[in-house]
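A.B. asks: 3D model of this:
(chains A and B)
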Amino acid sequence: MDIFLQQIINGLTLGSVYAIVALGYTMVYGIIQLINFAHGELVMIGAMVAFTVIGALADTALPPVLIVFAGILAAVPACMLVGYAMERVAYRPLRGAPRLAPLITAIGISIILQHLAMLIWSRNPLAFPQIIPLVRFYIGGAIITGVQIAIILASVLMMGALTLMVYRTKLGIAMRATSQNPQVAGLMGIDINRIISFTFIVGAGLAAVAGVMVGTYYGIAHYSMGALLGMKAFSAAVLGGIGNLAGAMLGGILLGVVEALGAGYIGDLTNNVFGSNYQDVFAFLVLIAVLVFRPSGLLGERVGDRA
Amino acid sequence: MNLLELRRLEVSYGGIKAVKGIDLGVPKGELVCLIGTNGAGKTTTLKAISGLLPVAADAILYDGKPIGGTPAFELVRRGLALVPEGRGVFGQLSVLENLAMGAYVRSDAVAVKRDLERVLSLFPRLAERSGQSAGTLSGGEQQMLAIGRALMSRPKLLLLDEPSMGLAPLMVQKIFETILEVAKEGVTILLVEQNARLALEVSSRGYVMETGLITLSGPARELLVDPKVRAAYLGESE
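C.D. replies: Next comes the predicted model:
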């Protein structure tokens, strides 16, 4: 088996999920300069809601694809609602406050959401019912599963749709205008509160799908799954240059690939002193190394260039 | 009839009362200027009119209705447009995208397209640079873009804040020619300027502002020959 190719495939899968989550961080940052630390929790809620629906439908005769689709259909609006409420209740009243206040609030929201999820779904992980038949394809000595293909394809589709929305529609131009200068955006007749709400809703929708993807990939979902995933996606956004959409996509995929390669080779490189469970350390080391040489991220603008 | 009327308008800005109760009227279809030195409160006045600063509702009447404190984005829908000091173009958006944002509140696509063509013919330089990001334009081109963008909303009342600031004389002339052209089309304009002579030459009425108060007002022609104005703002001795 070709370890390199295999780890690239695994890395692209994981990286696609990171990219989708990183987009949520970067969009919110781009528009109100807030790191929404509770964004990872939206991924978790997406996975939990979807697993609940999928679990309830697992014994019916419905085709598996349809069941997963029903899970997504329930998770997306649920997460959008939580994302909208989060901004409305917790961040909007702090719009004019010093930047530390909403940041700490975000951490608080993250903890609250985790514990609410624990109350609703218990501490025990939800398992993904064995409904999807394992489909494997062999390419050049490596294996790619049907789930992996679906994750990568869905991610590419979502990234494409988001890019089109942001760069080709009036609403998307208004989002970019608001992120550059909210006061002048208001002078154009743009209701910036609506644009900000919309940004949270879109980010939350993406997070919901990411939750379903990562849950399906690993086969389980639990109340604390959003924390590490969110931290990594946030790192991916910073790696690509926070506030930059293409940067979030690139950073996410890069982080996924680096992490997978780390898992594949770290044992060989260190004479088995460190095992593949050190993959997270490896990923963050690369992140730190990049930021030492490019503090604004791979595609980030130099500070001061913001209009 | 006055399209815009200020009644004892007071505006506080950062804890300081920058505008201390002024009265001002802009008749429909006319070009009125507000002149004064730096820090007199002119920009604060414009910001208050366009909904960027909180003021008492009945201190500002637009079309006879109180609008003080109404958020900026709602006033645009009612035909009020501000070209802010320093232009405020969206630097990372293209020229065309900036103009599209000017027409954000409009849904009549055909008329918007016609207005876009009109703005581009008014400012051929913008047509040449339509795909470029606005941040790469020169100061004068950015001013053209800011005015063009405001026109895209089809304003009834256009508020211009220091359109000549930082521009070469030739460009200032070009900008003022355009302002006159827009005024001739029937758009009511309130022009704030430090360049008093130029402003008075194109206006029908003028107001002089000093440390938050209106100290002089009248037909622009009379202000141009007023000895006090000549001494303080036109650089001539009494």
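
A.B. asks: Just give the nearest non-adjacent residue to A:Val258, would you?
C.D. replies: Leaving aside its sequence neighbours, A:Val258 sits nearest to A:Val286 (CB to CB, 6 or more residues apart in numbering or on different chains; 4.9 Å). All C-beta atoms are positioned from the backbone trio N, CA, C, and that covers glycine.

A.B. asks: what's the helix or strand for the one you found?
C.D. replies: In the assignment (DSSP states H and E), A:Val286 maps to helix A:279-293.

A.B. asks: For that helix, which residues meet the burial criterion?
C.D. replies: A:279, A:282-284, A:286-287, A:290 (16 or more other CB atoms under 10 Å in any protein chain shown).

A.B. asks: same deal with stretch A:66-83?
C.D. replies: Neighbour count says stretch A:66-83 has A:67-68, A:70-72, A:74-76, A:78-80, A:82-83 buried, by 16+ other CB under 10 Å.

A.B. asks: re earlier: contacts for the helix holding A:Val286, please.
C.D. replies: Contact with helix A:279-293 is made by A:228, A:232, A:235, A:238-239, A:255, A:258-260, A:262-263, A:266, A:274, A:297-298, as judged by CB atoms under 8 Å, 6 or more residues apart in numbering or on different chains.

A.B. asks: can you dump the C-alpha coordinates of that helix into PDB?
C.D. replies: Taking Å, rounded to 0.1, in the frame of the first residue of the first chain, the C-alpha atoms of helix A:279-293 are listed here in PDB:
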ATOM      1  CA  GLN A 279      -0.400  14.200  14.600                       C
ATOM      2  CA  ASP A 280      -2.000  17.200  16.300                       C
ATOM      3  CA  VAL A 281       1.300  18.400  17.700                       C
ATOM      4  CA  PHE A 282       2.800  18.000  14.300                       C
ATOM      5  CA  ALA A 283       0.000  20.000  12.600                       C
ATOM      6  CA  PHE A 284       0.300  22.900  15.100                       C
ATOM      7  CA  LEU A 285       4.100  22.900  14.800                       C
ATOM      8  CA  VAL A 286       3.700  23.500  11.100                       C
ATOM      9  CA  LEU A 287       1.200  26.300  11.900                       C
ATOM     10  CA  ILE A 288       3.600  28.000  14.200                       C
ATOM     11  CA  ALA A 289       6.500  27.700  11.700                       C
ATOM     12  CA  VAL A 290       4.400  29.300   8.900                       C
ATOM     13  CA  LEU A 291       3.300  32.100  11.200                       C
ATOM     14  CA  VAL A 292       6.800  32.900  12.300                       C
ATOM     15  CA  PHE A 293       7.700  33.700   8.700                       C
END
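
A.B. asks: burial measure for residue 5, as a count.
C.D. replies: Just going to use chain A. A:Leu5: 15 surrounding residues under other CB atoms under 10 Å in any protein chain shown.

A.B. asks: To clarify, I was referring to chain B.
C.D. replies: If we define neighbours as other CB under 10 Å, then B:Glu5 has 19 of them.

A.B. asks: Could you tell me the per-residue confidence at the closest residue in space to it that isn't next to it in sequence?
C.D. replies: Spatially, and ignoring its direct neighbours in sequence, B:Glu5 is nearest to B:Leu61 (4.2 Å; CB to CB, 6+ apart). Looking at B:Leu61, its pLDDT reads 97.

A.B. asks: One more: A:Arg306?
C.D. replies: Here the pLDDT value assigned to A:Arg306 is 39.

A.B. asks: got the contact list for the closest residue to chain B within the stretch 1-150 of chain A?
C.D. replies: Residue nearest to chain B within the stretch 1-150 of chain A: A:Gly30 (10.9 Å; CB to the nearest CB). Neighbouring residues of A:Gly30 by CB under 8 Å, 6+ apart: A:179, A:242-245.

A.B. asks: Among those, give me the pair with the biggest separation.
C.D. replies: Put simply, by CB to CB the two of the contacts of A:Gly30 set farthest apart are A:Ser179 and A:Ile242, 11.9 Å from each other.
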